[in-house]
Each structure stands twice: as C-alpha cells, then as structure tokens.
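Engineer: Could you look at this predicted model? Sequence included:
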Amino acid sequence: MIRYKKSKEESSPNKQPRISKKKRKNTSLPVEQIPSENTSPTGIDFVSPSLVKETLPEEHGVFGRYNDYLVEVGSTVEQARYYRSFFAEIKGGNTWASMLDPLILGEFGKGDTDVAIHVEPVDTTVELEEVKRRIQGLESDLMLEKNDSRAIDMRDEIADLKDRQRRLRTNIEKPFRVSIQAVVSSLDLKLLKKFTNNLVRRFAGREIYMRSPDGKQLDALFNITPFSQNFMYKEHTFSYETSNVADFFPFGHGGISHRSGIVLGSDDLGRPIYYDAWHPKLMNHNMVILGRSGGGKTFCTLTLTHRSAHLGIRTVIIDPKGDYRRFVTTMGCPYVDLAPDSQYRINFFDVDVEDREDGTDYVNIEETVQGVRAIVFKMIRVMDDTVLTGKIKVKIENAIRQLYRDAGINEDPKSLIDPNQQVITTEDGQKTYKLSGAYKEMPTLGDLYTSMTQEPELEEVAQLLRNFTRHGDSPTQAIFDTQSNVSIQDTPIFAFGLGLLDEEVMRPIGLFIATKWQSTKFAKKNRKLRKRVVFDEAQTAMYEPETAQWLEQEFRTVRFFNCSMTAVTQGFEVFTRVEQGMGILKNAPTKIFLKQEPIDIEEVKGKFDLTEGEGSFLVHQAEKGLGIIRVDDEASIIKIDSTPLEHELFTTDPNE
C-alpha cells in the first residue's frame, strides 16, 4: 500500500478560540469538545483521538446537519475534522501516467487528500482462467445477440480480452488486484462538501468514477492505517496489469534526470525541471519544439535563450515574423532586419574558415556549394517548378563551382585573403604563411546570372533568376545580390529579422539564406564555444528537397562544432512527409510537445510513440506554455515558468 498526502488547508474559519478556565462553566459545549489550555498536539491525539464517530445523513453535530456519510474525528488541537472516503472505478478502458496527480495535488479546493493504492498480486494461472471464462461467456452471448451496436461492443471486448490473455500467457505483463482509495478531510463541513463535489465531477470527466462506501466510511478510513489487516474491498477492487499499476504511482510518471544546465520550467508536482543540452548522456545537442499557434513555442524558446545566455551559451535566432525583436533589442543585442529598406545585407555565397577536429583550418567549399545550390533552386522553383531537370541542375552546380575557381577561392584559408590587403607575419626574420587581412569579394547571385546567360542551355533558366539580381526589375527581390556588411559580433544573442519581407516569396527564401549564412559565420566556427541556432518556422525548409537535405545535414554535423540546432514549428505534418524531415526529428534527442491540434495528434502519437494519455493531455489539457518534454528515454510534463520580468520580456500576446 502507498499513501501520499497533500495539504491545501492552512486553517479553518470555524476553528474555535481558546476558552479560559473562567469562562468554561458558562459554555454550552460538551466538556470533551472544549479545547484545553495547551493546544499542542500530543501522541495521544494520533493514536487515540478524543472522538471517532461515523455519522449518518440528517444527524446533527456541532455545525448543524451532516447530510452525508462521513467520519468525525476530534482532538485537543481542533474542534473536529471530517473525513470521507472514495474508491476509483476506471471506465475509460486505459490508464496513463500521472492520471492520479490531481488527487495528489489536491486541486479541488481547500482541504486535504490522502491517496492509498492497495495492490495485491494474483496468480497468473488463476487470472488466465478468469479471462478464459469471460471470453467464453461473451462468445456465447454474442451468438444470441440481435442488437448490432451491442454486438460490436461485445466483439471489441473479446478482442481486448484476447490481447490481455496473450500478454499474461507470454509474461509480458503480470496480473494484480488493485483498489484505489482517496480520503478527503476538512475542518469545515461546507468546504468538505464543495471539495468532494469538485473531485467527483473532475474525475467523472475523465471516465474515472469516485464511488463512496456509504455505511462503511469508518471501516474505509481505518483501512488506510497500519492497523488494518483486510484492506481489499471486493466491490471496489479491479484487475490490472503491471503497466497499469505503474501509471497509478505518484512517482511512476518519470522525470528528467538532469541536475545541470538551466531551470526550464516545473513538472506537474511543482518540482523544477533542469535541462542541459550538453548533458554527457545526450548523443547531440539538438532540439525540436512542436506546438500549435498560440501554444507557447516562442515563450519557451525565449526562456531557453535567456537563461542559457547566463551560462555562456551564445544564440542566433532566425526570426521570420518579428516575434523576437522586442526581447533581443531590450537585451541590448543586435537585431538585423533583412528587408529592402534596411541597411543590412548578407551574401549567401560567403565562405569562411572552419577548424577541423585535429586543429587545422580549411575552407569547406563543397558544403557551401550545396547550400548555394539549394537556395538558387528554391528561387527558380518560385517562378517555374518544371524547368529543373537533372541536366540543368548539374550545369547550375558546375557554374557555381566555377565562380569560386574564378575568384581563386579553394580549401586553402590563404585563398580567402585579398592579395592587396594581406598581412604576412614574420618571426626571427623568417617569413611565415600566417596571413591576415581583409577577405576577397565573394561571388554573388548577379555573377551567377551573368555566367548562366552565357551558357545556351541555361539562358532560359537564367531569366527566372533575373529579378532576384541587380540586373532585374525588382529591387525588393534583389536584396541578397550583394556583398555582406554584417558580422556576428561577440554578443550572447544575435537575431535576423525577416518579418518585413514579402511573406509569399521572399520570406521563405530569406529564412533559408539567413540560416545558411550564419552556419558559415557562427555555427561552424570556434568549437570550444557552446552555441545554439534557433530556426523558427522550420517547416518551410521541408517544401523543397534541396533545402530539406541541407537542413538535415546541418542537424547531423553541427554537433561536431559544439552547436545545438533548435527547430521550432507548428507544421509537424510537413516534417513527416519527407525523409529529410524525419531525419531531423530523429537527430533531435530533445523534443518539447506543446498544445496540439486534434487533427495532428494521431500523427504525432504514432511518430513519437506517445501514449493515449499523453495524446489526450496535449489536445485537451495542455494550456499555453504547458506540455511534455522528452529527453531521449526520459519524459515529464513541463510548465514553462517565468519571472514577472521575463514574462514581460517574452510575451507576444497583444492583449498583454
């Protein structure tokens, strides 16, 4: 038997004042109910209370009629405390982790709750025989059943019983007889009535019916004490399996074992949840945050970003809608708007020096070509998604490579330095090859357009790129045909804002360009520095195979550079449509599920192996900022907590 108590009561408005000896002779209270001068509880109050009485409806007590079957217990400290017992009968057909937490937390008003879970093992052979008899009885009744609806229910029950029979026979599960008892108490009869009414209604909504053992309330209360010898009521005892029993226990719903990192929120029992993306047990540092619009994704991301900054973790945010602007600027950090009228420009052809694990430096031309290729293809598809044949793709990729060769840029870091501005350091009069100085001008999209117009087979495709270049007629679309004038400074937080771009064409393109550019300049530099990249609206990268492939590769490789990729999305189903999207989900050991749409929940449950209870929680019970965090094989309910100042900084609700 397990007992767990959670008090929600501080004092009672009906608690009697201390009565002096001088006034006692005039009181109308019975002597045994008058508090003594010494109101400190003693051992006798717990072992042998002054009064134990089982009441009946319509009886009268100190505070009027009882109206219910209950137990009145007196002491020297309190006038009296009133107890009612209930036994849970689960009708919903399944159990789930944390299903009894409302009892443990006492979420029904002002009062106390005690929970007793009575568990008794059953011989498997006996239980199998009972299941067999039940199946035979149902099959016999089914042959005579004329009502189609009732027949369907009987077939379903037979199928369930056969599944249970298989689990017990193969020792997948063990059988138990279980009785779940809740004891509610209060110092005030009215508060007790309100508390119990709320409890019964709340659980009835979950198809858990709280049955009162009227006429046996004293016996039921005695059954939760250590003195009881027979605590199993046959009429309130049901057959369950091992996994069901685990769901009942208050410590059976797991948790996150991290004891380092940041406090990201609290669990359903109010305990802090620590999260460390660099925990040594994790295979990488990546994360996915999933939830419907308004579910608290941005709030969760900002909590993660703000608290991580205090641990020295630097963060770049790709912000497609401007949700992070107020927070970043209030923190005094750079917020770079990528827009036609902005002074900031980035060139997605940029390359930079990366450091290998062996300490040597090189320029990753191949990966840069693949990123540029994906962006160019995305631009072309916006205009005409039928022209990119295999032959055209190869010729465009070769044209991109040729631009770097023409600029003299290769894997050697020295090839990036402008020869007119290079500085060669010397030691002891001997020349070294330790170069520094300004970088060369990088190839641009306009250069690629010009190159393609000179290739007969690419000339027609080049015209689809024209308006994205300085040679076209649309300056608002040509903002990425430029040399970069942005540098990611030594700052804890840095953000790219894309909210001022055209939502249909330029924002998806800009979102991917900013992600690719920061990878070169931030994510894959300085392996000793812990870094995080937040990619909001990440589902947009899944619409094109090249961008999806590039982002999946990023999720696979950034761990070697001490970086965490964090994908934030409300478009979970978009990820599941393509192989690369599933690859991203698999390469993110941390997942935070916030409120989900009913239409998506079956897909989410199937892909992430969520239980029925977890799925129901995410659809029906999860409020804003409330969800489930899963870190590898560990999971917990999480409430994203914030201080008043953090809430003021983080909220994106216009009504706040």
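Structural biologist: Thanks, I have it. Residues are numbered from 1 along each chain as shown.

Engineer: OK, contacts around Ile365?
Structural biologist: Each residue near Ile365 by CB atoms under 8 Å, 6 or more residues apart in numbering is listed here: 351, 401, 404, 409-411. Every C-beta, even on glycine, is put in place using the N, C-alpha and C of the backbone.

Engineer: Make TSV from those residues and add distance to Ala514 and pLDDT to it.
Structural biologist: Shown next, in TSV, are the contacts of Ile365 (distance: CB to CB, whole Å; pLDDT from 0 to 100):
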residue	distance to Ala514	pLDDT
Val351	16	94
Arg401	23	95
Tyr404	21	96
Ile409	22	94
Asn410	26	93
Glu411	25	92
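
Engineer: Compare those and tell me which has the most neighbours.
Structural biologist: Val351 (26 neighbours; other CB atoms under 10 Å).

Engineer: For that one, which residues are in contact?
Structural biologist: Val351 makes contact with 363-365, 368, 404, 409, 416, 442, 520, according to CB under 8 Å, 6+ apart.

Engineer: The residues you listed in helices, which ones?
Structural biologist: The members of the contacts of Val351 that map onto helices under DSSP state H are 365, 368, 404.

Engineer: ok, of these, which one's closest to Ser186?
Structural biologist: Proximity of the ones in helices among the contacts of Val351 to Ser186 (CB to CB) peaks at Thr368, which lies at 69.5 Å.

Engineer: re earlier: okay, among the contacts of Val351, which ones form the most distant pair?
Structural biologist: Using CB to CB, the pair of the contacts of Val351 lying farthest apart is Asn364 and Met442, separated by 14.2 Å.

Engineer: The contacts of Ile365 in strands, which ones?
Structural biologist: Among the contacts of Ile365, DSSP state E puts none in strands.

Engineer: Does Met331 touch Phe494 like I think?
Structural biologist: No - using CB atoms under 8 Å, Met331 and Phe494 do not qualify as a contacting pair, with a distance of 10.7 Å.

Engineer: With neighbour numbers in mind, choose between the two.
Structural biologist: In this view Met331 and Phe494 are compared by other CB under 10 Å, and Phe494 has more residues nearby, 22 against 16.

Engineer: How about the more buried one: which residues does it bridge to?
Structural biologist: Counting by DSSP bridges, Phe494 is bridged to Val316.

Engineer: On the pLDDT front, check it for me.
Structural biologist: Phe494 carries a pLDDT value of 96.

Engineer: What are the neighbouring residues in contact with it?
Structural biologist: 314-317, 328, 333-334, 336, 488, 522.

Engineer: tell me the domain boundaries of this structure?
Structural biologist: Annotated domains of the chain cover 2-118+177-236, 254-345+488-651, 347-483 [automatic domain parsing].

Engineer: Of those, flag the one that's most buried.
Structural biologist: Stretch with highest mean neighbour count among those: domain 254-345+488-651 (a mean of 19; mean count of other CB atoms under 10 Å).

Engineer: The helix or strand harbouring Met210 packs against which elements?
Structural biologist: Using DSSP states H and E, Met210 maps to strand 208-211. Packing contacts for strand 208-211, counted by 3 or more CB pairs under 8 Å, 6 or more residues apart in numbering; DSSP states H and E, involve strand 81-90, helix 189-204.

Engineer: lowest-confidence helix or strand of this structure?
Structural biologist: helix 21-24 (a mean of 36; mean pLDDT, DSSP states H and E).

Engineer: I'd like the average pLDDT over stretch 215-232.
Structural biologist: The pLDDT scores in stretch 215-232 average 77.

Engineer: quick one: contacts of that stretch?
Structural biologist: 1, 3, 52, 54, 69-71, 83-85, 87, 114, 116, 118, 120, 177, 179, 181, 183, 213, 233.

Engineer: tell me the SS of Pro340?
Structural biologist: Three-state call for Pro340 (DSSP: H, G, I helix; E, B strand; the rest coil): coil.

Engineer: And the contacts of Val351, which is closest to Arg507?
Structural biologist: Thr520 (20.9 Å).

Engineer: which residues of the stretch 1-150 of the chain fall in helices?
Structural biologist: Secondary structure of the stretch 1-150 of the chain (DSSP state H, counting those that start in this stretch): helices located at 21-24, 43-47, 101-105, 124-144, 148-169.

Engineer: about what we covered before: wait, which of the contacts of Val351 is closest to Glu207?
Structural biologist: Nearest to Glu207 among those is Thr520, at 55.0 Å by CB to CB.

Engineer: Per-residue pLDDT of that closest one, please?
Structural biologist: In this model, Thr520 is scored at 92, pLDDT.

Engineer: and the nearest residue to it once chain neighbours are set aside, what pLDDT?
Structural biologist: What sits nearest to Thr520 in space, not counting adjacent residues and going by CB to CB, 6 or more residues apart in numbering, is Asp352, at 5.0 Å. For Asp352, the model assigns a pLDDT of 92.

Engineer: List phi and psi for Arg630.
Structural biologist: Main-chain dihedrals, Arg630, degrees, to the nearest 10: phi -130, psi 120.

Engineer: show me the contacts for the nearest residue to it once chain neighbours are set aside.
Structural biologist: Spatial nearest neighbour of Arg630, excluding adjacent residues (CB to CB, 6+ apart): Lys591 at 4.9 Å. Residues near Lys591 by CB under 8 Å, 6+ apart: 287-290, 585, 608, 629-630.

Engineer: on that earlier part again, show residues contacting the strand holding Met210.
Structural biologist: The contact list for strand 208-211 (CB under 8 Å, 6+ apart) reads 86-92, 99, 182, 199-200, 203-204, 236.

Engineer: quick revisit: restricted to strands, list the contacts of stretch 215-232.
Structural biologist: 3, 52, 54, 70-71, 83-85, 87, 114, 116, 118, 120, 177, 179, 181, 183.

Engineer: Show the end-to-end separation of stretch 331-345, please.
Structural biologist: End-to-end span of stretch 331-345 (CA to CA, to the nearest Å): 23 Å.

Engineer: Run the chain-centre distance for that stretch.
Structural biologist: 31 Å (CA atoms, centre = their mean, to the nearest Å).

Engineer: Show me the contact partners of it.
Structural biologist: For stretch 331-345, the surrounding residues in contact (CB under 8 Å, 6+ apart) are 306, 324-325, 328-329, 346, 475-476, 479-480, 482-486, 489, 491-501, 510, 513-514, 649.

Engineer: Could you do stretch 608-617 as well?
Structural biologist: Outside of stretch 608-617, the residues within contact range by CB under 8 Å, 6+ apart are 94-99, 247, 591, 593, 596, 601-602, 604-605, 618, 628, 630, 637.

Engineer: still on that earlier bit, among the helices of the stretch 1-150 of the chain, which is the most enclosed?
Structural biologist: Comparing the helices of the stretch 1-150 of the chain by mean neighbour count (mean count of other CB under 10 Å), helix 101-105 ranks first with a mean of 19.

Engineer: Can I get that helix in CSV? Just the C-alpha atoms.
Structural biologist: C-alpha atoms of helix 101-105 as CSV (Å, rounded to 0.1, in the frame of the first residue of the first chain):
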residue,chain,number,x,y,z
ASP,A,101,-1.9,13.6,-9.9
PRO,A,102,-5.0,15.8,-9.3
LEU,A,103,-5.6,13.7,-6.2
ILE,A,104,-2.0,14.1,-5.0
LEU,A,105,-2.0,17.8,-5.6
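
Engineer: Pull the distance from that helix to the chain's centre.
Structural biologist: Taking CA atoms, centre = their mean, the mean C-alpha location of helix 101-105 is offset from the chain mean by 21 Å.
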